[in-house]
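In: Give the three-dimensional model of this entry:
(one chain, ligands or ions: 1)
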Amino acid sequence: MKTITSLLFIFNLLLLQAQTYTLPTLKFQYAEYEPNIDALTMQIHHSKHHKGYVDNLNKAIAGTKMETTPINELLMYASFRTDAVRNNAGGHYNHSLFWEILAPKTNQTIISNQLETVIKIQYGSIDSLKKLINQAGATRFGSGWAWLIVTPEKKLMVTSTGNQDNPIMDVAKDRGIPILGIDVWEHAYYLKYQNKRGDYLDGVWNLIDWGVVSQKYANALQDSLLNEIEKDNWPALKEFHKVMSQTFHPAETGNLEPLRLRSNELLAKALLLKNSTPPVSLNKPEIQKAISQLVKNCAEIQKSVQKNAKDETLKKQITVAHDTFHIIQGLCKD
Ligand code: MN3
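Out: Down below sits the predicted model:
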């Protein structure tokens, strides 16, 4: 009996710790989105496509540290994730947002004064904003999403991304928190609209619940994720990080080959970082000082490689450079 109780206890602990994603229920019946999106398209889109992203995301993170990683963090560092995590975390996030902002006409809530005012200041009118979003959706080659986002500068911006990427991700060219997104994958419209993406885009506006979008706007302005995105928007730091992890991790396990082959590149990326413009909030002397140290560390490594130094020496030097890089990352998070 005691064994069973403790086994149950452990089982419950495992259940509590493992983060699994679930398919959100739609607020309305599939047929209620007619005639702008037909019931069968809604049904397949939600119960098959979206469910597929949820199931595959759970599969991709099962048994890894990512089970306890918040979804924003999975998205944010997409360039360091596997394609399975990037596509399915994106797919789940994007579709969840899409369902939230869709409602039949009779159930829609109205736009807030706050959002309406900002739209008028930035775009002149809601109609001209719609046109820009339609254009972003219509010109997105292949599959993807058209977005209205809040940027780290707290401005609205219209943009689009490919596949299941989104503007939270470090792979997106325009970054921010999405408050309105339109799925322009063919599976979102093909049954009713066939190849006429433009007609679908016109139709989908009849379903947009501006009250929900307004709430998302107000929430985004307060969200600390905006600051994180601003700080994360330093491509030169990311490029250095890539080469560092691809050379340091093998070195840790005794394989110095990647470092020997790429020590020039590592130094070049460190120099690029030193000469790059940091995000406004990271323009601090202590960070610049640590980066100068990093350049020195990398120059020493390159010298050692040229002199064909022993593995032990290189391993020590890359560990020092890696420590310096961690100091920089720590300073960037403060
Ligand atoms: Mn879709």
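
In: What is the three-state secondary structure of residue 174?
Out: Recorded secondary structure, residue 174: coil (DSSP: H, G, I helix; E, B strand; the rest coil).

In: so what pLDDT did it get?
Out: Note on residue 174: pLDDT of 96.

In: Which residue comes closest to it once chain neighbours are left out?
Out: residue 159 (4.0 Å; Cβ to Cβ, 6 or more residues apart in numbering). From N, CA and C alone the C-beta is placed, and that goes for glycine too.

In: Starting from whichever strand or helix holds the one you found, tell me which strands it pairs with and how they run.
Out: Residue 159 belongs to strand 156-162 when assigned by DSSP states H and E. Using DSSP bridges, the strands paired with strand 156-162 are strand 144-150 (antiparallel).

In: And the residue nearest to residue 174, how far from residue 184?
Out: 13 Å (Cβ to Cβ, to the nearest Å).

In: what do those two both touch?
Out: When contacts are counted by Cβ atoms under 8 Å, 6 or more residues apart in numbering, the set common to residue 159 and residue 184 consists of residue 146.

In: contacting residues around the residue nearest to residue 174?
Out: Applying Cβ under 8 Å, 6+ apart, the residues contacting residue 159 are 136, 146, 147, 149, 167, 172, 173, 174.

In: which one of those residues sits closest to residue 97?
Out: Residue 97 lies nearest to residue 147 out of the contacts of residue 159, by Cβ to Cβ, at 9.5 Å.

In: What sits closest to the residue nearest the centre of the chain if chain neighbours are left out?
Out: Of all residues in the chain, the one closest to the mean position by Cα atoms, centre = their mean is residue 169, 2.4 Å from it. Computed as Cβ to Cβ, 6+ apart, the closest residue to residue 169 that is not its neighbour in sequence is residue 78, at 3.9 Å.

In: circling back: mind listing the residues bridging to the residue nearest to residue 174?
Out: Here residue 159, judged by DSSP bridges, has bridge partners residue 147.

In: how close does it get to residue 74?
Out: 20 Å.

In: Repeat that for residue 139.
Out: The gap separating residue 139 from residue 74 is 28 Å, by Cβ to Cβ.

In: Look at those two and report which has more neighbours.
Out: Taking other Cβ atoms under 10 Å, residue 139 and residue 74 do not tie; residue 74 has more neighbours (23 against 11).

In: Skip the chain neighbours and tell me the closest residue to that one.
Out: Leaving aside its sequence neighbours, residue 74 sits nearest to residue 89 (Cβ to Cβ, 6+ apart; 4.4 Å).

In: Next up, the contacts around that neighbour.
Out: With contact set as Cβ under 8 Å, 6+ apart, residue 89 has these partners: 57, 71, 74, 75, 78, 81.

In: How about residue 81?
Out: Contacts of residue 81 by Cβ under 8 Å, 6+ apart are 74, 89.
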